[in-house]
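> Could you work out the structure for the sequence below:
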Amino acid sequence: MTTLTDPVEATRPRAISTQYTLGRDKVLYGGLLALTAIAYLWGLSKNGYANEYYAAAVQAGSTSWKAWFFGSFDSSSFITVDKTPGSLWVMGLSARIFGFNSWSMLVPQALMGVASVGFVYVSVRRWFSANAGLLAGAILAVTPVAVLMFRFNNPDALLILLLCAGAWAVTRAIDSVKHSARWMILAGALVGFGFLTKMLQAFLILPAFGLAYLVAGKPALGKRLIHLVLATVSLIVSAGWWVAIVELLPASARPYIGGSSNNSILELTLGYNGLGRLSGNETGSVGGGVGNPGWGGATGLQRLFGGEFGSQISWLMPAALLATVVLIVAAGKAPRTNKTRAFALLWGGWLVVTGLVFSYMQGIIHPYYMIALAPAFGAVIGGAMSILWRRRAEWLPRATLAGGALLTAGWSFALLNGTPTWHPWLRWMVLITGVLAAGLVLLLPELTLHRTAARRAGIAAAAVLAFSALAGPTAYSLDTISTAHAGAIPTAGPGGMGGMGGGRGGFAGGRMGTPPGQTGTGTTGQPGTTTGGGMPGGGFLGGGGTSGVSSELVTLLQQGAKGYTWAAASVTANGAAPLQIASGEPIMAIGGFNGTDPAPSLAEFKQLVAQGKIHYFIGGGGMGGGFGGRGGTSNEISTWVSENFTAQTVGSTTVYDLSTGTGA
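Predicted coordinates for the structure are as follows:
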C-alpha cells in the first residue's frame, strides 16, 4: 500500500552542491523579491493618502514627537487613533526623514511586503527546498488582498511582517539545540510588537507557535516549557511597555485614547479592538451593536469563500486546506521532532485558528483582514507541493496533485465568474489549464521518456500547474496595482463584483451595508451643519477627501492657525482628516473616529474655546454625534456652536469662527 511518508530529513540538500545550484537558487530568490518590489512600488502614488484617518496621524507624527509616540491623530495630541501606534511609528519616521507625502508614507508598507515574502521563503526553504520556498513566497506576493494592503497605510502590513518573522524565529528555535531559548524569546518579542501594531489580532497565531515548539523542539520537555515561559515574558514586555506608560501617565499628560469610552487603552484592547470583535459587543464602535451583519455577513465557514471575502483570499483556500492534510499525513508516526509535523502545526495551525476566528467572529470584520491568512496559505502549499512533487511517481501523491489542480481551477473559475464581463476568457483558460495540468500529472510518470525529456516534461507540467493555480489571483492583483484605492475599507480586484467581491474603497459600492442611522450618501444631518458637500471628503470613512477641500478653506485654516492650539475642530476624525492633511495644521477630531467618543465634553470644549485654543469649527455632513442614533457630546457641541456663533461659507464648507460670538 502506498503511503505519504515524511520527506524532510530524507530529502535534505546534499552536502556537496554545485555552484550552479547555489547560484540558481539565489538568483531566483532575488528575482522573486525584485519582482515583488516592482509590483508593490509600481504607481504607488496613485493611492494618494489611502486611508486618510491614518495618513493624518502620520502627518501629525512627522511634526510632533509626542503625537508620534502616542499615535495621536493631530500634532497637538488631542486624541489618538483607535489602534496602538506601531505602524504609525514606521511611517511617521519615514515622513520625518523624507517629508510627509504619499511616497514617504506608503513605500515602507511596500517594503514590508517584500520582507514578508522573504521571511516566508526562508522559512519554507529551510525545511523543504528552494523551489518550495519560491512557490510559498510567490503565493503570498500575488494574493490580491496582500497586494492591496502592502500598498496601503493600514496597520496590516507591519502586522504580517512581524508574524512572518515570528514564524521564522520559531522555525529556527525548533532547529536549534543550544540557542532555542533565544529564538523563542525573539518570536515572543516580535508577536508582542505585533500587538503594538494591531492589538489582539496578533495573538491569533500564538496557539500554533507554542504548540509547534512544544511538540517538536529539541530540548527536553522541562526546558521546552521554560522556553515557552520566557517567550511569554518577552511577549508581555514587548507588548506591555507602551501600554504601561499610557496607563500610568495622568490623562492630562497624554491624548485621549480614541475608540475607548473611558480614556483607557486597556478598555480599548479588551473591548472594541479585542473581545468585542469576537462577541460583537462593541459599545461605541461603528458597528452599532452585537453581531451587526452589515460588517461581515453571516458567520460560518462559508463566510471566507463568498461575499466580500472570497475574491480577496479564497483562491487557494481549498488547496491550502488539502495541503495541511497532506503535511499531517506525511508526518505519520514519525518521531516527535519530525519537522513536517512541526511545519503543519506551525503554519497549518496559523491557517486553521485564524480562519475559524474570522469565520465566526460576530463583531466588525472587513475583507482586508484576510491578508492574515495569506502567509499560511503560501507556506502550507509550498511545503505540501514539495512532498507531493517528489513522490509523484506513486499513485497517491499523483492523484492528490491532480485532484488539487482540478479543485483549485474549479474554484478559480467560480470566483472569476463573479465578474463575467471582466476578461471573460480568463476563467475558461484557468479551467482548461487546470484540467491539462491534472492530466499531465497523472500521465507523465506512466510514459517511458529519456531522462532529459522527462525533466523537460516535468518542468512543463509544473508550469501549467502553477499557471492554473495562480492566474486568477495574479490577474486580480494586477488590476489592484493599476487602480487607485482609498478609504477605510478598500478591496482588491475589479469592481462590480456583485456578491463575489469588493469595490475600490469606502463601502465597496454599498455592499458592506450602511451603518445604522446613516444615509446612503454617508451623512447624518447633525444640527447646525450642512450636509452632502459640507464635509470635505464627502462621506463616511473618508478616502480622497483632500480633493474636496477648497483652496479658500486651506488658506483660511493656515492663516488662522497662528496662536491657536488647533486651527479648527470638526466632528469625527474622518471629517477632520482631509482638512488637516490639506492645510498641514492640527485639527481637533471631536468624538474621534466616528464622533462617538466622549471627548471632549461640552464643558471641556467651551473651556478650550474660552481659552482661545480653537479658532474655527467646521460644519459638514459627517458622522456627527447622532451616529447610530446614540447622540453624544459631539452632537451637543455642534448644537452649541450653531446657536452661539455665526456661520459663513468658505468654498462649499460651513465654517464658524469661534473667536467671535457670545460663547455663552
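> Tell me which stretches of this structure form strands.
566-571, 587-590, 614-618, 647-650, 653-657 (DSSP state E).
> List just the one of those strands that sits closest to G434.
Among the strands of the chain, strand 587-590 comes nearest to G434, with 50.0 Å by CB to CB. The way it works is simple: take the backbone N, C-alpha and C, and place the C-beta from them, glycine included.
> Mean pLDDT for the strands of the chain - can I get that in a markdown table?
Shown next, in a markdown table, are the strands of the chain (pLDDT from 0 to 100):
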| stretch | mean pLDDT |
| --- | --- |
| strand 566-571 | 95 |
| strand 587-590 | 96 |
| strand 614-618 | 96 |
| strand 647-650 | 92 |
| strand 653-657 | 93 |
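> Most tightly packed of those strands?
Comparing the strands of the chain by mean neighbour count (mean count of other CB atoms under 10 Å), strand 587-590 comes out on top with a mean of 32.
> That strand: how far from the chain's middle?
Taking CA atoms, centre = their mean, to the nearest Å, one finds the center of strand 587-590 at 26 Å from the center of the full chain.
> Please write out the alpha-carbon positions of that strand in PDB.
What follows is strand 587-590, C-alpha atoms only, in PDB (Å, rounded to 0.1, in the frame of the first residue of the first chain):
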ATOM      1  CA  ILE A 587      -7.500  69.900  13.500                       C
ATOM      2  CA  MET A 588      -9.300  68.600  16.600                       C
ATOM      3  CA  ALA A 589     -11.300  65.500  15.800                       C
ATOM      4  CA  ILE A 590     -14.400  65.800  18.000                       C
END
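> Just name whatever secondary elements it is in contact with.
Counting by 3 or more CB pairs under 8 Å, 6 or more residues apart in numbering; DSSP states H and E, the packing neighbours recorded for strand 587-590 are strand 566-571, helix 573-583, helix 633-644.
> Please name the strands paired to that strand in the sheet, noting orientation.
Strand pairing for strand 587-590, determined by DSSP bridges: strand 566-571 (parallel).
> between the partner strand and strand 653-657, how big is the angle?
Per axes from the mean of the first three to the mean of the last three CA atoms, to 10 degrees, the angle that strand 566-571 makes with strand 653-657 is 120 degrees.
> Can you give the distance of strand 566-571 from its chain's centre?
How far strand 566-571 lies from its chain's middle: 30 Å, per CA atoms, centre = their mean.
> cool, and stretch 322-340?
Using CA atoms, centre = their mean, the offset of stretch 322-340 from its chain centre is 30 Å.
> Over to stretch 150-169?
8 Å.
> average pLDDT across that stretch?
Stretch 150-169 comes out with an average pLDDT of 97.
> How about stretch 86-100?
97.
> ditto for stretch 417-430
93.
> got it, and stretch 213-223?
96.
> now stretch 592-601
Stretch 592-601 shows a mean pLDDT of 90.
> again with stretch 48-56
In this model, stretch 48-56 carries a mean pLDDT of 95.
> what about the longest helix in the chain?
helix 451-481 (DSSP state H).
> so how far is that one from its chain's centroid?
27 Å.
> just checking, what packs against that helix?
Applying 3+ CB pairs under 8 Å, 6+ apart, one finds that helix 451-481 contacts helix 130-142, helix 144-149, helix 395-416, helix 424-443.
> got CSV for these, with distance to G71 too?
Shown next, in CSV, are these (distance: least, CB to CB, whole Å):
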stretch, distance to G71
helix 130-142, 27
helix 144-149, 19
helix 395-416, 36
helix 424-443, 42
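> Could you point out which of those sits nearest G487?
helix 144-149 (11.8 Å).
> Need the contact partners of that closest one.
Contacts to helix 144-149, defined as CB atoms under 8 Å, 6 or more residues apart in numbering, come from residues 39-40, 109, 113, 140-141, 156-157, 160, 311-313, 315, 367-368, 370-371, 374, 473, 476-477, 480-481, 485, 490-493.
> Put the alpha carbons of it into PDB.
The C-alpha coordinates for helix 144-149 follow below in PDB (Å, rounded to 0.1, in the frame of the first residue of the first chain):
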ATOM      1  CA  PRO A 144      -5.000  40.100  -4.100                       C
ATOM      2  CA  VAL A 145      -5.600  41.300  -0.500                       C
ATOM      3  CA  ALA A 146      -1.800  41.200   0.200                       C
ATOM      4  CA  VAL A 147      -1.100  43.300  -2.900                       C
ATOM      5  CA  LEU A 148      -3.800  45.700  -1.800                       C
ATOM      6  CA  MET A 149      -2.600  46.100   1.800                       C
END
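> going forward, begin numbering at 514 instead of 1
I'll keep to 514 as the first residue from here, and by that count the last item is helix 657-662.
> quick one on the thing from earlier: for the longest helix of the chain, what is the average pLDDT?
With pLDDT averaged residue by residue, helix 964-994 scores 89.
> Nearest to P910, out of the strands of the chain?
strand 1100-1103 (57.4 Å).
> What lies in contact with that closest one?
By CB under 8 Å, 6+ apart, the surrounding residues in contact with strand 1100-1103 are 569, 586-587, 589, 591-592, 771, 1070, 1079-1086, 1088-1090, 1092-1093, 1112-1113, 1118, 1127, 1131, 1146-1147, 1150.
> which residue is nearest the centroid of the chain?
Taking CA atoms, centre = their mean, the centroid of the chain lies closest to D669, which sits 2.9 Å from it.
> Now it: closest residue in space, sequence neighbours ignored.
Residue nearest to D669 in three dimensions, not counting chain neighbours: M662, with 4.6 Å by CB to CB, 6 or more residues apart in numbering.
> Run a quick neighbour tally on the one you found.
For M662, the neighbour count with other CB atoms under 10 Å is 30.
> Tell me the spacing between it and Y881.
As for M662, its distance to Y881 is 6 Å (criterion: CB to CB, to the nearest Å).
> shared neighbours of the two, anything?
Listed as contacting both M662 and Y881 by CB under 8 Å, 6+ apart are D669.
> Thought F926 was touching R940, still the case?
Yes: the pair R940 / F926 is scored as a contact, 4.9 Å apart, by CB atoms under 8 Å.
> Just want to know which of the two has more residues nearby.
Neighbours were counted for R940 and for F926 using other CB under 10 Å; R940 has more, 23 against 19.
> Leaving out the residues flanking it, which one is nearest to the more buried one?
Closest to R940 by CB to CB, 6+ apart is L929, at 3.6 Å.
> Tell me how far the one you found lies from L939.
From L929 across to L939, the span is 6 Å (CB to CB).
> who touches the residue nearest to D688 when sequence neighbours are not counted in this structure?
When the adjacent residues along the chain are set aside, D688 lies closest to R639, with 7.1 Å between them (CB to CB, 6+ apart). Contact partners of R639, counting by CB under 8 Å, 6+ apart, are 684-685, 688.
> thinking again about what came up before, between the helices and strands packed on helix 964-994, which one is closest to P720.
helix 643-655 (21.2 Å).
> What is the closest one packed up against?
Helix 643-655 is packed against helix 532-554, helix 615-640, helix 887-903, helix 964-994, with contacts defined by 3+ CB pairs under 8 Å, 6+ apart.
> Would you mind finding the most buried of these?
Neighbour counts (mean count of other CB under 10 Å) averaged over each of these peak at helix 887-903, with a mean of 29.
> how about the strands of the chain, which one is nearest G701?
Of all the strands of the chain, it is strand 1100-1103 that lies closest to G701, at 34.7 Å by CB to CB.
> ok, T993 touching P1003?
No: using CB under 8 Å, T993 is not in contact with P1003; the gap is 9.0 Å.
> Find the residues that touch each one of L929 and L939.
Residues touching both L929 and L939 by CB under 8 Å, 6+ apart: 985, 988.
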